[in-house]
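Colleague: Quick one: sequence and predicted model below, then my questions.
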Amino acid sequence: MKNIFLSIVVLFLFTACSYKDPNIKSVQKVDLDRYLGSWHEIARYEHRFEKDCKNVTATYSIKENKKIKVINSCTKITTNNKTEAIGEAYAVDNTNSKLKVSFFWPFYGDYWIIMLDEDYSYAVISEPSKKYLWILSRDKRLTENIKEKILKRLKSLDYDLSKLIWTIQE
């Protein structure tokens with residue numbers, strides 16, 4: 001009986017943690033060569049691995065093994081020390097719009113590009129459970145028009161905009 005109870009609890013936790021919003025879709029296609037390079041974080045949902053961060057950037061490049069090298073860096077607001085995390089990503093299909101990213105092998109997380117400007121000047125990243133959200137830009141700031149366009153789209157997808165942390169970019 002104890003094993004059955006434990007199995008039910010584990011099954012419940014697994015299903016509870018794997019909720020996927022059916023409205024969250026990635027963009028149709030991403031040209032990885034155009035996507036590579038440096039991005040500035042404009043806003044994010046807060047999470048422990050970026051707590052107390054400003055001047056956040058993400059840099060993507062292709063490795064010899066054809067996977068994507070990911071370098072996330074930030075400056076700690078309280079100490080002004082720069083930190084860096086190096087990870088690896090790969091596309092899960094030929095659209096290149098859904099990636100699996102790992103900063104601690106063998107654990108991978110979903111990285112879905114859900115908005116991408118046609119000139120690759122900004123991107124919005126999330127994943128099916130909507131636990132994570134990033135707004136990225138090639139520049140340190142977005143115009144108000146683009147910012148409003150992104151926020152309107154996110155609101156239509158039922159993202160909680162009050163949870164956004166607006167990144168300090170100096």
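Modeller: Noted; the coordinates are in hand. Numbering: from 1, shown residues only.
Colleague: Which of the helices or strands spans the most centrally placed residue in the chain?
Modeller: Closest residue to the average C-alpha location of the chain: Ile125 at 4.2 Å, with CA atoms, centre = their mean. Taking DSSP states H and E as the criterion, Ile125 maps to strand 122-126.
Colleague: C-terminal to that strand, what's the next element?
Modeller: Assigned by DSSP H and E, the successor of strand 122-126 is strand 134-137.
Colleague: which other helices and strands contact that next one?
Modeller: Counting contacts by 3 or more CB pairs under 8 Å, 6 or more residues apart in numbering; DSSP states H and E, strand 134-137 packs against strand 37-45, strand 122-126. C-beta coordinates here come from the backbone N, C-alpha and C atoms, glycine included.
Colleague: Among these, show me which one is buried the most.
Modeller: Among the helices and strands packed on strand 134-137, ranked by average contacts under mean count of other CB atoms under 10 Å, first place goes to strand 122-126 (a mean of 23).
Colleague: Which elements pack onto that strand?
Modeller: With contacts taken as 3+ CB pairs under 8 Å, 6+ apart, strand 122-126 sits against strand 107-116, strand 134-137, helix 144-156.
Colleague: Give me the sheet partners of that strand and which way each runs.
Modeller: Strand pairing for strand 122-126, determined by DSSP bridges: strand 107-116 (antiparallel), strand 134-137 (antiparallel).
Colleague: Keeping just the C-alphas, turn it into PDB.
Modeller: Taking C-alpha atoms only, strand 122-126 is exported to PDB below (Å, rounded to 0.1, in the frame of the first residue of the first chain):
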ATOM      1  CA  TYR A 122      14.200  41.400 -30.800                       C
ATOM      2  CA  ALA A 123      13.000  38.000 -29.600                       C
ATOM      3  CA  VAL A 124      10.700  36.700 -26.900                       C
ATOM      4  CA  ILE A 125      11.600  33.400 -25.200                       C
ATOM      5  CA  SER A 126       9.500  31.200 -23.100                       C
END
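Colleague: Next, the angle strand 37-45 makes with it.
Modeller: 50 degrees (axes from the mean of the first three to the mean of the last three CA atoms, to 10 degrees).
Colleague: okay if I get the helices and strands packed on strand 134-137 as JSON lines plus distance to Leu154?
Modeller: Converted to JSON lines, these look like this (distance: least, CB to CB, whole Å):
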{"stretch": "strand 37-45", "distance to Leu154": "10"}
{"stretch": "strand 122-126", "distance to Leu154": "7"}
